[in-house]
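Colleague: have a look; sequence and predicted model below, questions after that.
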Amino acid sequence: NDNLQGAPAFVRTDERIDFHWGNGSYKDGQPVDHFSARWTGYFVPPNEDDYKFYVSADDGVRLYIDNALVIDDWKKHGETLNTQVMHLQAGKPHDIRLEYFEDTGTATARFGVAASTRPIGEATKALAANADVVVLCVGFDPNTEGEANDRTFRLPAGQDNFIEQIANVNKNVTVVLTAGGNVDM
C-alpha cells in the first residue's frame with residue numbers, strides 16, 4: 001500500500017538508495033502504483049563537517065535523522081530534490097530513516113549524503129596554481145535537474161567549496177555553469 005501500513009510485502013538490504021523504477025515496480029510481479037518503502041540504517045561521519053543530505057523522489061518522501069523529521073515532502077508530485085544540512089561530529093553514528101510512497105506514474109527514490117567541505121588534493125592545487133587560467137565546469141546533470149524536477153537554487157554539495165579552493169590558489173578562474181535555471185552561488 002502507499003501508506004506504510006501492514007506487514008512488508010518485501011524485505012531486503014540495499015547497498016544504496018538510487019532507484020528509478022519508471023513505470024515499473026520495486027520487484028517483478030509487485031504493484032507499479034500505490035506502494036511505499038522504508039529504509040533504515042546509520043550514517044557515521046568520517047570527519048566533523050557540515051553534511052548535506054539529499055532526497056530525490058517522485059511522490060512522497062520523509063527523512064528522519066536521529067528520529068527527528070528533517071525533510072517532510074509527503075505529497076504527490078513529480079521528481080523533486082530536497083536537501084537538509086546538518087553539522088555532525090566525526091565518528092558518531094546517526095540513525096537514518098527514509099520513508100517513501102508512490103502514488104501513480106513514474107516511481108523514483110534516491111538518497112545521498114556528502115560533506116560540504118572536501119579539501120582538494122595537492123596535485124590538483126599545484127596544477128591549478130601553475131595554470132595561466134583555470135576553467136571549472138560545475139552545475140547540474142540529469143540526476144539533479146530536469147523537466148518536472150524541482151531543485152534548490154544552490155549548486156550541488158561541495159561545488160561552491162571547490163570553486164573557493166581553486167580561486168585561493170589562482171585568481172584567474174572561469175566558471176562554466178551547467179544549469180537550466182537560476183543558481184545562487
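Modeller: Noted; the coordinates are in hand. Numbers count the residues shown, from 1 in each chain.
Colleague: the closest residue to residue 153 other than its chain neighbours pairs with what?
Modeller: Among residues not flanking residue 153 along the chain, residue 184 sits closest, at 4.2 Å (CB to CB, 6 or more residues apart in numbering). The C-beta positions use only the backbone N, C-alpha and C, and glycine is treated the same way. Beta bridges link residue 184 to residue 154, judged by DSSP bridges.
Colleague: look at residue 184 and report its pLDDT.
Modeller: We have a pLDDT of 83 for residue 184.
Colleague: ok, residue 136 - contacts?
Modeller: 162-163, 166, 173-176 (CB atoms under 8 Å, 6 or more residues apart in numbering).
Colleague: what helix or strand is it on?
Modeller: strand 134-139 (DSSP states H and E).
Colleague: name the residues that touch the helix or strand following that strand?
Modeller: Using DSSP H and E, the helix or strand that follows strand 134-139 in sequence is helix 159-169. Helix 159-169 has contacts (CB under 8 Å, 6+ apart) with 116-120, 125, 128-129, 134, 136, 138-139, 154, 173, 175, 185.
Colleague: which SSE is immediately downstream of helix 159-169?
Modeller: strand 173-178.
Colleague: surely residue 157 and residue 116 touch.
Modeller: Yes - using CB atoms under 8 Å, residue 157 is in contact with residue 116, at 6.2 Å.
Colleague: which residues do those two both contact?
Modeller: residue 52.
Colleague: the more surrounded of the two?
Modeller: Neighbour count, other CB atoms under 10 Å: between residue 157 and residue 116, residue 157 has more, with 22 against 14.
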